[in-house]
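Student: quick check, what structure comes out for this input:
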Amino acid sequence: MPANQQILLDNRPTGDAVASNFKLVSAETPALQDGQVLVRHHFLSLDPYMRGRMNDAKSYAVPQALGQVMGGGTVGEVIESKNPKFSVGDKVVGMGAWQQYSVVDAGQPGALRKVDTKHIPLSAYLGAVGMPGVTAWYGLSKICEPKSGETVVVSAASGAVGSVVGQLAKARGCRAVGLAGGPDKCRYVVEELGFDACIDYKAHPDAKSLYQALKEATPDGVDCYFENVGGVIFDAVLSRMNAFGRIAVCGMIAGYDGQPLPLLQPQLILTNRLKVQGFIVSEHMEHWPAALTELGTLVATGKLKFRESIAQGIESAPQAFLGLLKGKNFGKQLVKLV
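Tutor: As a prediction, the model looks like this:
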């Protein structure tokens, strides 16, 4: 069995996460038991929710245990199998964690899923045709429920989730407006992804300026907001919401360092009779097949575009993850292991 490089959570962050919270180790890979398969990971997914798991605090996800391999999604190839449903060479997606190999009890429901790479790149199953894509699909389709002609706003619009939200909104006949950090990201959002407008929040450092830019981009107000960030951006969009607007709360990356994120005008939720709903996509597995069918078809036919930031080698994962939390990635952040 191959030697396996792994990244553990060594200690918990106080404030911002830092590279020294992680530890690179080498471990022996255990021999397979009946029903198990050995997967060599090709790509590791890095996602903002992982920051919350680093804290020992009550949340929707169980805290990451200290001294254990950091959890995370992976795609790869079966290189040994003692399970009749999986063959050597099968391409698979699972939660293989921050390591080069994983031994998987493949009989457990949802532990490992075979994927087709003829029309869809393997890496896309960690992004547009994976958990981020389904997150976008569920929040937009089931919470925002946009109607043709409505205005949909999404923060972190160039990221793995936000980029899909805007494209799905356009496909449903909506005006799509993004918020992203920097002129390059905003250009990408409009010119490549097809959003109607994108606001560079870094060019609007104060609340008044940000609100004015948002007002110009949403002349008819905002009917649906897909929230990934929180903080001043949430305040600005809340001020533009139309009566009976819907807000899908997916992420609050501005508060992942543990600091509170107060709302300036929560009364607007009442005044405009808004629906504000947080969601965790793993709690809605019954919708994944429909979501993956639509997303897979759109990617395979070139109608859903995506971009990837790829770090090389398992040892690069911590710095790439810290960069993701600071918005340094462009699109989906991955680590290439093969």
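
Student: how about stretch 278-295: buried residues?
Tutor: 279, 281, 288, 291, 292, 294, 295 (16 or more other Cβ atoms under 10 Å). (C-beta placed from N, C-alpha, C; glycine too.)

Student: which parts of the stretch 101-250 of the chain are strands?
Tutor: 101-105, 112-114, 151-155, 175-180, 197-200, 222-227, 241-249 (DSSP state E, counting those that start in this stretch).

Student: show me what the mean pLDDT comes to for the last one.
Tutor: If I follow you right, that is strand 241-249. Average pLDDT, strand 241-249: 98.

Student: go on, the third one?
Tutor: Strand 151-155 shows a mean pLDDT of 98 in the predicted model.

Student: sheet partners, orientation included, of it?
Tutor: strand 175-180 (parallel), strand 222-227 (parallel) (DSSP bridges).

Student: how far does the last one sit from the chain's center?
Tutor: Averaging C-alpha coordinates over strand 222-227 and over its chain gives two centres that are 17 Å apart (Cα atoms, centre = their mean, to the nearest Å).

Student: circling back to that earlier point, now mean neighbour count and distance to residue 216 too, for the strands of the stretch 101-250 of the chain, in a markdown table please.
Tutor: What follows is the strands of the stretch 101-250 of the chain, written out as a markdown table (neighbours: other Cβ atoms under 10 Å; distance: least, Cβ to Cβ, whole Å):
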| stretch | mean neighbour count | distance to residue 216 |
| --- | --- | --- |
| strand 101-105 | 20 | 49 |
| strand 112-114 | 16 | 44 |
| strand 151-155 | 30 | 13 |
| strand 175-180 | 27 | 10 |
| strand 197-200 | 22 | 8 |
| strand 222-227 | 26 | 13 |
| strand 241-249 | 20 | 16 |
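
Student: would TSV of those with distance to residue 46 be doable?
Tutor: Output for those, formatted as TSV (distance: least, Cβ to Cβ, whole Å):
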stretch	distance to residue 46
strand 101-105	17
strand 112-114	20
strand 151-155	19
strand 175-180	18
strand 197-200	23
strand 222-227	20
strand 241-249	21
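
Student: wait, which of the strands paired with strand 151-155 is closest to residue 102?
Tutor: strand 222-227 (32.0 Å; Cβ to Cβ).

Student: show residues contacting that closest one.
Tutor: Contacting residues not belonging to strand 222-227 are listed as 136, 139-140, 144-147, 150-155, 161-162, 165, 169, 174, 177, 234, 237-238, 240-242, 245-252 [Cβ atoms under 8 Å, 6 or more residues apart in numbering].

Student: ok, back up a step: the buried residues of stretch 278-295 in helices, which ones?
Tutor: Members of the buried residues of stretch 278-295 lying in helices (criterion: DSSP state H): 288, 291, 292, 294, 295.

Student: so how far is residue 278 from residue 151?
Tutor: 22 Å (Cβ to Cβ, to the nearest Å).

Student: nearest residue to the middle of this protein?
Tutor: Centroid-nearest residue in the chain, with Cα atoms, centre = their mean: residue 132, separated by 4.0 Å.

Student: select the helix or strand of this structure having the lowest average pLDDT value.
Tutor: helix 49-53 (a mean of 91; mean pLDDT, DSSP states H and E).

Student: by contact count, what packs against that helix?
Tutor: With contacts defined as 3 or more Cβ pairs under 8 Å, 6 or more residues apart in numbering; DSSP states H and E, helix 49-53 has no helix or strand neighbours.

Student: what sits up against that helix?
Tutor: 17, 59, 61-64, 70-72, 251, 253, 256, 321, 325.

Student: most neighbours out of the residues you listed, which is it?
Tutor: When neighbours are counted by other Cβ atoms under 10 Å, residue 321 leads the contacts of helix 49-53 with 28 neighbours.

Student: isn't that residue up against residue 44?
Tutor: No: using Cβ atoms under 8 Å, residue 321 is not in contact with residue 44; the gap is 9.9 Å.

Student: quick one: the helices in the stretch 201-338 of the chain?
Tutor: 207-217, 232-238, 267-271, 288-300, 317-325 (DSSP state H, counting those that start in this stretch).
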